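Undergrad: Quick check, what structure comes out for this input:
(one chain, ligands or ions: 2)
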Amino acid sequence: MADYVLAIDQGTTSSRAIVFDHSGRIVSTGQLEHEQIFPRAGWVEHNAEQIWTNVREVVGLALTRGNLSHEDLAAIGITNQRETAVVWDKNTGKPVYNAIVWQDTRTQAIADELGGSEGPDKYKSIVGLPLATYFSGPKVKWILDNVDGAREAAERGDLLFGNTDTWVLWNMTGGPDGGVHVTDVTNASRTMLMDLDTLSWREDIAADMGIPMSMLPEIRSSSEVYGQGRPRGLVPGVPIAGILGDQQAATFGQACFEVGTAKNTYGTGNFMLLNTGTEKVASKNGLLTTVCYKIGDQEARYALEGSIAVTGSLIQWLRDNLGMFEDAPDVEWLARKVEDNGGAYFVPAFSGLFAPYWRPDARGALVGLTRYVNRNHIARASLEAVAYQSREVADAMRLDSGVELTELKVDGGMVQNELLMQFQADQLGVDVVRPKVAETTALGAAYAAGIAVGFWKGEEDVVANWAEDKRWTPVVAEDERERLYRSWKKAVTKTFDWVDADVQ
Ligand SMILES: Nc1ncnc2c1ncn2[C@@H]1O[C@H](COP(=O)(O)OP(=O)(O)OP(=O)(O)O)[C@@H](O)[C@H]1O
Ligand SMILES: [Mg+2]
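TA: Ligands and ions are numbered 1, 2, ... in the order given. Now for the predicted structure:
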């Protein structure tokens, strides 16, 4: 009996496989981290073959731990780190270069050149995005420009591009032996190559970037059967029936189906999405316009998105680069040893600043230091930075949409941090609400797949299954809240204008 749905969450730091039952509860999981490769300052790569091996392994782990076989699965959904670009040879299945990760800043010169005299907003009215290092298209151009023989192979039709959803799907469905080369509208909306109105590739923009159309996957909805698993993916015959970029998947899993509902995910970075329904809202305040989801033949739903590059990864940085503690959750214990930030503000502009600033010339800064500041203050300043950045994005959303936030649904690894959640509620001035299943990214992909095969009826099942776990209500005094935020805003300005052409 196929009583379960499996979601594969191919994330930035790890790949997970999670089995869900009909009530949306977790039955079993498998998770493996992959290597973060930093060849130079500002460059971030993943080994796509390691990612595929890990995906197979975590699928095996989740099935084994749940005492299940592929026959117990009604469908499989895929969710993924978006924008990260993989280019591979369709005959051998080998990537021609490491995956270039969304955080990587090497394409700044390409972005500047593409913008020319029109600047970073050249394609914004078509694709919803400013020219920035973040998105996939310029990363593909970089690979074709810099890897020996890549452009010729691409022009011969031998190379394929995909975000990691496409890479995983192609491998699961046969790889060189008939693999399906498809992506969904949400992933496509992160490439800078898709027209948000027609939901199809723009040949003119692909031509500007020198990307042959034959490399691009077919764009499909987020919830439909794309193909069947093959033995190499451990799930022979199981329909793969849902794809959503990780942030859109979390929005789906949080049941943000009504216009004006929003969620904020606290993972490697933070990403707030506000559902704007069938209307495509252009941002005047540094947000992105993106596809939220599209179920089968139904109309696409759009979202405004505030993307923050560095939040959870700042905690990893304290752990790995400064050796401040062993495990990410320990940061809370350090931060609780002090009453406040001691005057220190940490602006983690490690990849420049994303929303709402889009300042590639910024780099990280720890400011306000005196002899008084110790590592506990720095731990606290790092957590506060996550909340201030999210407040900036929430402010931009209010300005763009006119919707007043009444509460914020949150998810992701950092929402276990109670100090952060309370501070977030204090900074936003509204309640912060955590659901029972905090793995909303995987859950959203499972729902998209399950809805496609009739395992779930539709969004109403997602709404019915959503349950609140915990709520934080603001307690801080207004003047204190604004004083802190004012200092944060000042700290942000100290990071601007750092990168020169000859200094990274
Ligand atoms: N208790 C905690 N306090 C602070 N930060 C935490 C805590 N637990 C986890 N984190 C941070 O949260 C992040 C992990 O969150 P999550 O598992 O949602 O990310 P992820 O889904 O693996 O990211 P990605 O999808 O990008 O791979 C890590 O960056 C880690 O440093
Ligand atoms: Mg994730």
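
Undergrad: What distance do you get for the residue of the stretch 251-400 of the chain found nearest ligand 1 to E155?
TA: Relative to ligand 1, the nearest point of the stretch 251-400 of the chain is G312 (2.5 Å; Cβ to the nearest ligand atom). The way it works is simple: take the backbone N, C-alpha and C, and place the C-beta from them, glycine included. Distance, G312 to E155, using Cβ to Cβ, to the nearest Å: 40 Å.

Undergrad: quick one, which of the two is more surrounded?
TA: More crowded of G312 and E155, by other Cβ atoms under 10 Å: G312, with 21 against 14.

Undergrad: pretty sure the more buried one contacts G269?
TA: Yes - look at G312 against G269 with Cβ atoms under 8 Å: they come within range, at 7.2 Å.

Undergrad: buried stuff in the helix ranked longest in the chain?
TA: Determined from DSSP state H, the single longest helix within the chain is helix 375-401. For helix 375-401, burial by neighbour count (16 or more other Cβ atoms under 10 Å) applies to 376-397, 400-401.

Undergrad: Which secondary structure elements does the next helix or strand after that helix sit against?
TA: Sequence-wise, the next helix or strand downstream of helix 375-401 (DSSP states H and E) is strand 407-411. Helices and strands touching strand 407-411, as assessed by 3 or more Cβ pairs under 8 Å, 6 or more residues apart in numbering; DSSP states H and E, comprise strand 262-266, helix 418-428, strand 431-435.

Undergrad: In three-state terms, label the residue of the chain most remote from its centre for me.
TA: Ranked by distance from the centre of the chain (Cα atoms, centre = their mean), the top residue is R371, with 37.8 Å. Recorded secondary structure, R371: coil (DSSP: H, G, I helix; E, B strand; the rest coil).

Undergrad: where's it relative to A438, distance?
TA: Distance from R371 to A438, by Cβ to Cβ: 39 Å.

Undergrad: Isn't A262 up against L274?
TA: Yes - here A262 reaches L274: they are 4.2 Å apart, a contact under Cβ under 8 Å.

Undergrad: how close does the closest residue to M324 other than its chain neighbours get to A381?
TA: In this structure, M324 finds its nearest non-sequential neighbour in L318, 4.5 Å apart by Cβ to Cβ, 6 or more residues apart in numbering. Distance of L318 to A381, computed by Cβ to Cβ: 10 Å.

Undergrad: same question, E478
TA: 22 Å.

Undergrad: swap in V463?
TA: Shown here: V463 relative to A381, a distance of 38 Å by Cβ to Cβ.

Undergrad: cool, and L408?
TA: Using Cβ to Cβ, L408 is found at 22 Å from A381.

Undergrad: which ones are touching the residue farthest from the centre of the chain?
TA: If a contact means Cβ atoms under 8 Å, 6 or more residues apart in numbering, then R371 has no contacts.

Undergrad: if I've got this straight, K489 is in a helix?
TA: Yes - secondary structure of K489 (three-state DSSP): part of a helix.

Undergrad: From ligand 1, how far off is it?
TA: Computed as Cβ to the nearest ligand atom, to the nearest Å, the K489 to ligand 1 distance reads 23 Å.

Undergrad: pLDDT score for that residue?
TA: Note on K489: pLDDT of 97.

Undergrad: Name the nearest residue to P39, sequence neighbours excluded.
TA: Computed as Cβ to Cβ, 6+ apart, the closest residue to P39 that is not its neighbour in sequence is E45, at 6.5 Å.
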